[in-house]
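coordinates for the following, if possible.
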Amino acid sequence: MEKLQAYFDALLRDTPTEHHRYMFNRIDWENRLVGLVGPRGVGKTTLMLQHAKERLERNTTLFVNADDLYFSTRHLVDLADDFVKRGGRHLIIDEIHKYQDWARELKLIYDYHAGLRVIFTGSSILDIHKGAADLSRRALLYHMQGLSFREYMQMFHGIRLPVLTLDDILHHRLELPRDFHPYAYFPDYLKQGYYPFSQERQFDIRLQQVVTKTLETDIPQYAEMSVATSRKLKRLLTVIAQSVPFKPNMSHIATTIGISRNSLADYFLYLEEAGLIAQLRDDTGGIRGLGKVDKVYLDNPNLVYALAQQTADTGNLRETFFFNQTRVNHDTITSSVSDFRIDDSTFEVGGRNKKQKQLQGIEQGYVVKDNIESGYMNVIPLWQFGLNY
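Numbers count the residues shown, from 1 in each chain. So this is what the prediction gives:
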């Protein structure tokens, strides 16, 4: 216990508190069991440490990593028992997906210790969702994604921009700061601004490592795949990266990578839940996520530059950015006449010279244009959707 406390103290000393991710104030911290899940590298650990540093009493709080050697001979439930006996009230468990049988032990901790609040993070949302069935009546699960353009501007350039609702954006309720020109920064955000570690040295290498870890460790381990199957997963991501955005031809892709067509939909879902791709669906299911897949994108523009490389065309980047940023607060689905639909609004995404042709006869149709600073009437600047959260 003393070594764990010393490790926690060291982490707190190094935790910055100048900037909070958008999820910081969305979480109901008073709930007895809270889970924060999402792809690798989006800042979940830092957010939890900030909460501990700024809002919790140090003497009654403990932060542990589920991958710590401490747990090679001990159980989480035993740690919780010991911690509560010493007056503990808040237990934060990082990377809980690395702890075997984590869901069952969290359930026991919840049931045994009514006065203990437990917060956990997981880099592999696949395993979190697999275990969530046992915790559905107990845990609040939150999903966090990478930086918005607004967060990027504040964190790395010290420029504060407001959070805008979709209605604010569509009705041009934004006053730009004096002498602020978004396109002095927006191209850099698309290349390397989505991940909080993007300003560190050798970002490209680190991002490739995140992708490799996800493909070689996270998905195979928790989807119970063999090494050979993992290689096919890599091949599938390569095919996607070279083609996005595209309408998936399941039979052709299955033949290309050498797997059955029936397994392919699961592979796509694994990649999506791990934060590597995004699937644009229609509304046939009536519930978010259950519609038919219309197009497949890489998850965010940084991955387009990292994986698509020579095939990273501008139109793809624009659509990827729009889909990535709007999905946080809205059900963004495909449009039968244009690119995207959110509620009753239709969006056509393009460059400065994009015309209104696809939107003729559409009552709430908007042209989303790249390379313009301000909008007018039904013309909306693309970059402003990065102020969505």
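
mind listing what's buried in the helix or strand bottoming out on mean pLDDT in the chain?
Lowest by mean pLDDT, DSSP states H and E among the helices and strands of the chain is helix 125-131, with a mean of 71. Buried residues in helix 125-131, counted by 16 or more other Cβ atoms under 10 Å: 125-128, 131. Where C-beta positions appear, they are placed from N, C-alpha and C, glycine not excepted.

ok, now stretch 196-203?
Quick answer for stretch 196-203 (16+ other Cβ under 10 Å): 196, 198, 203.

point to the residue nearest the middle of the chain.
Gln145 (2.2 Å; Cα atoms, centre = their mean).

wait, what's in contact with that residue?
Going by Cβ atoms under 8 Å, 6 or more residues apart in numbering, Gln145 touches 38-39, 42, 275, 300, 324, 328.

repeat the analysis, applying 10 Å as the threshold.
Shown in contact with Gln145 (Cβ atoms under 10 Å, 6 or more residues apart in numbering): 21-23, 38-39, 42-43, 194, 275, 278, 299-300, 324-325, 327-328, 389.

repeat for His97
Applying Cβ under 10 Å, 6+ apart to His97 gives the contacts 37, 66-67, 103, 120-128, 130-131, 218, 221-222.

any idea how far Pro182 is from it?
Using Cβ to Cβ, to the nearest Å, His97 is found at 37 Å from Pro182.

give me the buried positions along the lengthiest helix in the chain.
Ranked by number of residues, the top helix in the chain under DSSP state H is helix 227-243. Within helix 227-243, the residues that count as buried by 16+ other Cβ under 10 Å are 230-233, 235-237, 239-241, 243.

which parts of the chain are strands?
For the chain, the strands defined by DSSP state E occupy 33-37, 61-65, 90-94, 117-122, 140-143, 277-281, 293-298, 332-334, 340-342, 345-350, 365-369, 379-381.

parallel or antiparallel, list what pairs with the fifth one.
Next to strand 140-143 in the sheet, as set by DSSP bridges, lie strand 33-37 (parallel).

dump the buried residues of helix 227-243 to JSON lines, plus pLDDT.
Formatted as JSON lines, the buried residues of helix 227-243 follow (pLDDT from 0 to 100):
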{"residue": "Ser230", "pLDDT": "83"}
{"residue": "Arg231", "pLDDT": "88"}
{"residue": "Lys232", "pLDDT": "90"}
{"residue": "Leu233", "pLDDT": "90"}
{"residue": "Arg235", "pLDDT": "91"}
{"residue": "Leu236", "pLDDT": "92"}
{"residue": "Leu237", "pLDDT": "93"}
{"residue": "Val239", "pLDDT": "89"}
{"residue": "Ile240", "pLDDT": "90"}
{"residue": "Ala241", "pLDDT": "90"}
{"residue": "Ser243", "pLDDT": "85"}
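
dump those to JSON lines, plus distance to Gln356.
Below are the buried residues of helix 227-243 laid out as JSON lines (distance: Cβ to Cβ, whole Å):
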{"residue": "Ser230", "distance to Gln356": "47"}
{"residue": "Arg231", "distance to Gln356": "46"}
{"residue": "Lys232", "distance to Gln356": "44"}
{"residue": "Leu233", "distance to Gln356": "41"}
{"residue": "Arg235", "distance to Gln356": "41"}
{"residue": "Leu236", "distance to Gln356": "37"}
{"residue": "Leu237", "distance to Gln356": "36"}
{"residue": "Val239", "distance to Gln356": "34"}
{"residue": "Ile240", "distance to Gln356": "31"}
{"residue": "Ala241", "distance to Gln356": "32"}
{"residue": "Ser243", "distance to Gln356": "29"}
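
tell me which of the residues you listed is nearest to Phe71?
Set against Phe71, the nearest of the buried residues of helix 227-243 by Cβ to Cβ is Ser230 (25.5 Å).

which residues does that closest one contact?
The contact partners of Ser230, by Cβ under 10 Å, 6+ apart, come to 215-217, 219-221, 223.

just the ones in helices from these, please.
Within these, residues falling in helices by DSSP H are 219-221.

before we move on, back to that, which one of the contacts of Ser230 sits closest to Arg352?
Leu215 (37.1 Å).

just checking, Gly193 touches Met153?
Yes - between Gly193 and Met153 there is a contact at 8.8 Å, judged by Cβ atoms under 10 Å.

now the stretch 1-150 of the chain, which segments are flagged as low pLDDT?
Applying pLDDT under 70 to the stretch 1-150 of the chain flags the ranges 126, 129, 132.

measure the residue nearest to Phe180 when sequence neighbours are not counted to Leu147 for me?
Using Cβ to Cβ, 6 or more residues apart in numbering and skipping the chain neighbours, the partner closest in space to Phe180 is Ile159 (6.6 Å). Separation of Ile159 from Leu147 (Cβ to Cβ) stands at 13 Å.

look at those two and report which has more neighbours.
Neighbour count, other Cβ atoms under 10 Å: between Ile159 and Leu147, Leu147 has more, with 26 against 14.

just for the stretch 251-389 of the chain, where's the confidence low?
In the stretch 251-389 of the chain (pLDDT under 70), the answer is 285-290, 310-311.

which stretches in it count as helices?
261-273, 301-303, 314-326 (DSSP state H, counting those that start in this stretch).

what about Lys357, how many residues nearby?
Using other Cβ under 10 Å: Lys357 sits among 9 other residues.

show me the contacts for Val163.
Neighbouring residues of Val163 by Cβ under 10 Å, 6+ apart: 22, 148, 150-151, 329, 387-389.

make a markdown table out of those residues and add distance to Gln208 and neighbour count.
Shown next, in a markdown table, are the contacts of Val163 (distance: Cβ to Cβ, whole Å; neighbours: other Cβ atoms under 10 Å):
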| residue | distance to Gln208 | neighbour count |
| --- | --- | --- |
| Tyr22 | 26 | 18 |
| Ser148 | 23 | 24 |
| Arg150 | 27 | 23 |
| Glu151 | 23 | 24 |
| Asn329 | 30 | 14 |
| Leu387 | 29 | 21 |
| Asn388 | 28 | 23 |
| Tyr389 | 26 | 19 |
